[in-house]
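**Q** have a look; sequence and predicted model below, questions after that.
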Protein chains: 2
Amino acid sequence: MKPSIQIIKIGGKIINDTTLLDQFLQSFNQIKGNKILIHGGGRAATAFSERLGLQVKMIDGRRVTDKETLDVAVMTYAGLINKQIVSKMQQMGINAIGLSGADGNIIESVMRNKQPVDYGFVGDIANVNATLIQSFLDQHLIPVFCPVTHSKNGQLLNTNADSIASAIAKAMSQQSSVVLKYCFEYNGVLENLEDEQSIIQTVTKNSAREYIASGVFADGMIPKVENAFKALDAGIASVHICGIQHVHEDNPGTSFIHYNEMEQ
Amino acid sequence: MKPSIQIIKIGGKIINDTTLLDQFLQSFNQIKGNKILIHGGGRAATAFSERLGLQVKMIDGRRVTDKETLDVAVMTYAGLINKQIVSKMQQMGINAIGLSGADGNIIESVMRNKQPVDYGFVGDIANVNATLIQSFLDQHLIPVFCPVTHSKNGQLLNTNADSIASAIAKAMSQQSSVVLKYCFEYNGVLENLEDEQSIIQTVTKNSAREYIASGVFADGMIPKVENAFKALDAGIASVHICGIQHVHEDNPGTSFIHYNEMEQ
């Protein structure tokens, strides 16, 4: 049997709120065995950009990372947020090690093609060094990744945290049985955003199509669902979208599965 | 025979200047065997503090690290500077890993006593995890330390880079023969600051006393010289203050020795 590993991603809203972050870390601390944390950016970069008087440039709802924006991203993601989370985890007795993709060349990216849209210093992941990640785990270190990677030609690159989580999950799934959990402020994917209890327990490819058609899955949820199924297709054993206080549970929040027994 | 290791510290002036940093890294790259880099803060923190409108508070010529100053230090030291150096090293084929003291609980500090002077969030080093550093070296990773450590109770702390270099040197000297090189913009300690050729080849405790009495060693040089002798006393095999392009040499710049043969 392959060894198992849990790969957990948390987004900006959790990072921005000390109470939520503490609740999450308490749940994370209860996960037994090997685990990895990936955190997103959060409000700090935007707040610092504003204080520095930088203009936030958006194309089609996506932020453009110019040189100064990249510097602020590296400072806040790899510096402030990553080290604050690591020191909090150390306080809880979790032996965390903060990492960007540049450290140990652990995640190599390529700068996104400038055509059709130039998003600036944004990286698409080319390679994950699963051997090095495994060797950290074998030393009882808990890797904590920030959303910054690098090209091997000396360029740091802003990189989507969801993409980092699924790329690490895929790389680790060669040797391990991987559970991937995207953790956010709700306790699962909601059928009705007004009702926090309306958690969809399981999503199949068929039901996902229906939820998208009926508008239940919209906006930011669609790429998350697509990511989840891509991860399943790539051999990740189990994919979930769940709340911060349930991340240590076996099947928290919404589980993604290829087919329902009913559908077969 | 103990294995040997070189521990190199670079200061702010080198970090601030891309040309100097590149020259240094080329020399660093030529060092054979195990090596560790420690970098100081540089101008970035001050520049960002100014842009953010923070007041730089000084007591007796030493900066006071309040909460906001600490955040800027963590962002620039652990984030921007550390990751830029690591990605440059990766480009050169040096498998660097950037570290703060919080990562892997590798350097634990205590917040400096608020009496007689409250310097704020400044750490004095309590423990260095030499075993973890050695395990990174054994994996052919080159540790790159920024001047940020942590207390085990969740607090990040601004920490003097010279102190980190000598603390790591002392910790590693239990198992290794350690060469400690403080690298700066001159090619050694100068007898006459106006003459860059006036390098003092060796400094003994006796000659140091004389240089201090005659004013040749003044201001920032005195604590550096004191640090060098403390390191020698603590069992570090060899201590040097040298220039950026000579760091790979066996006896670069100024060497610190206990006694001259003449003196014995």
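**A** Nice, I can see it.
**Q** list the buried residues for the one helix or strand residue A:212 maps to?
**A** Taking DSSP states H and E as the criterion, residue A:212 maps to helix A:205-213. In terms of neighbour count (16 or more other Cβ atoms under 10 Å in any protein chain shown), helix A:205-213 has its buried residues at A:205, A:207-208, A:211. For the C-beta atoms, the positions are set from N, CA and C on the backbone; glycine is no exception.
**Q** need these in JSON lines (columns: distance to chain B and pLDDT).
**A** Formatted as JSON lines, these follow (distance: Cβ to the nearest Cβ, whole Å; pLDDT from 0 to 100):
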{"residue": "A:205", "distance to chain B": "39", "pLDDT": "93"}
{"residue": "A:207", "distance to chain B": "42", "pLDDT": "94"}
{"residue": "A:208", "distance to chain B": "37", "pLDDT": "94"}
{"residue": "A:211", "distance to chain B": "39", "pLDDT": "95"}
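**Q** need those residues in JSON lines (columns: distance to residue B:224).
**A** Converted to JSON lines, the buried residues of helix A:205-213 look like this (distance: Cβ to Cβ, whole Å):
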{"residue": "A:205", "distance to residue B:224": "65"}
{"residue": "A:207", "distance to residue B:224": "67"}
{"residue": "A:208", "distance to residue B:224": "63"}
{"residue": "A:211", "distance to residue B:224": "65"}
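**Q** and those, which two are furthest apart?
**A** For those, with distances taken as Cβ to Cβ, the pair at the greatest spread is A:205 and A:211 (10.9 Å).
**Q** return the alpha-carbon coordinates of the helix holding residue A:212 using PDB.
**A** Presented in PDB, the C-alpha positions along helix A:205-213 are these (Å, rounded to 0.1, in the frame of the first residue of the first chain):
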ATOM      1  CA  LYS A 205     -18.800  15.100 -13.300                       C
ATOM      2  CA  ASN A 206     -22.400  14.700 -14.300                       C
ATOM      3  CA  SER A 207     -23.800  16.600 -11.400                       C
ATOM      4  CA  ALA A 208     -21.200  19.300 -11.800                       C
ATOM      5  CA  ARG A 209     -22.400  19.900 -15.400                       C
ATOM      6  CA  GLU A 210     -25.900  20.300 -14.200                       C
ATOM      7  CA  TYR A 211     -24.900  22.600 -11.300                       C
ATOM      8  CA  ILE A 212     -23.000  24.800 -13.800                       C
ATOM      9  CA  ALA A 213     -25.900  24.800 -16.300                       C
END
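**Q** residues in contact with that helix?
**A** Residues from elsewhere that reach helix A:205-213 (Cβ atoms under 8 Å, 6 or more residues apart in numbering or on different chains): A:200, A:203, A:217-218, A:222, A:225, A:229, A:258-260, A:263.
**Q** inside helices: which ones of those residues?
**A** A:222, A:225, A:229 (DSSP state H).
**Q** just say helix, strand or coil for the residue of chain A found nearest chain B.
**A** Residue nearest to chain B within chain A: residue A:79 (2.2 Å; Cβ to the nearest Cβ). Following DSSP: H, G, I helix; E, B strand; the rest coil, residue A:79 is assigned to helix.
**Q** is it in contact with residue B:72, as I believe?
**A** No - counting by Cβ atoms under 8 Å, residue A:79 does not reach residue B:72; the two are 9.3 Å apart.
**Q** a helix runs through residue A:170, doesn't it?
**A** Yes - per three-state DSSP, residue A:170 lies within a helix segment.
**Q** and the nearest residue to it once chain neighbours are set aside, what does it touch?
**A** Sequence neighbours aside, residue A:234 is the residue nearest to residue A:170 in space, at 4.6 Å (criterion: Cβ to Cβ, 6 or more residues apart in numbering or on different chains). Taking Cβ under 8 Å, 6+ apart, we find residue A:234 in contact with A:166, A:169-170, A:173.
**Q** local confidence estimate at residue A:234?
**A** Here, the pLDDT recorded for residue A:234 equals 91.
**Q** the helix or strand bottoming out on mean pLDDT in chain A pairs with which strands, and in what direction?
**A** The weakest-scoring helix or strand in chain A, judged by mean pLDDT, DSSP states H and E, is strand A:62-63 (a mean of 74). According to DSSP bridges, strand A:62-63 forms sheet pairs with strand A:58-59 (antiparallel).
**Q** give me the mean pLDDT for the partner strand.
**A** Strand A:58-59 comes out at a mean pLDDT of 80.
**Q** which residues touch it?
**A** A:64, A:117, A:119.
**Q** please list the residues of the stretch 151-264 of chain A that sit near chain B.
**A** A:152-156 (Cβ under 8 Å from any Cβ of the partner chain).
**Q** 6 Å instead, please
**A** A:153-154, A:156 (Cβ under 6 Å from any Cβ of the partner chain).
**Q** quick check on those: which are buried?
**A** Members of those classed as buried by 16+ other Cβ under 10 Å are residue A:156.
**Q** tell me which of the residues of the stretch 151-264 of chain A next to chain B fall in strands.
**A** Among those, the members falling in strands (DSSP state E) are residue A:156.
**Q** wouldn't the residue of chain A closest to chain B be in contact with residue B:73 here?
**A** No - contact criterion Cβ atoms under 6 Å: residue A:79 and residue B:73 do not qualify, at 9.0 Å.
**Q** where exactly do the strands run in the stretch 101-250 of chain A?
**A** A:107-111, A:123-128, A:142-145, A:148-150, A:156-158, A:177-184, A:202-203, A:238-243 (DSSP state E, counting those that start in this stretch).
**Q** from the chain's centre, how far out does the longest one sit?
**A** Averaging C-alpha coordinates over strand A:177-184 and over its chain gives two centres that are 9 Å apart (Cα atoms, centre = their mean, to the nearest Å).
**Q** in that strand, what's buried?
**A** Result for strand A:177-184 [16+ other Cβ under 10 Å]: buried residues A:178-184.
**Q** ok, back up a step: quick one, which of residue A:79 and residue B:73 is more surrounded?
**A** A side-by-side neighbour count of residue A:79 and residue B:73, using other Cβ atoms under 10 Å in any protein chain shown, places residue A:79 first with 33 against 29.
**Q** pLDDT value on the more buried one, please?
**A** 97.
**Q** let me know the closest of the contacts of residue A:234 to residue A:4.
**A** residue A:173 (10.6 Å).
**Q** for the residue nearest to that closest one when sequence neighbours are not counted, phi and psi?
**A** With sequence-adjacent residues excluded and distances taken as Cβ to Cβ, 6+ apart, residue A:173 is closest to residue A:235, at 4.7 Å. Note on residue A:235: backbone dihedrals following degrees, to the nearest 10 are phi 100, psi 10.
**Q** count of residues packed around residue A:235?
**A** 12.
**Q** I'd say it and residue A:172 touch.
**A** No - counting by Cβ under 6 Å, residue A:172 is not a contact partner of residue A:235; they are 10.2 Å apart.
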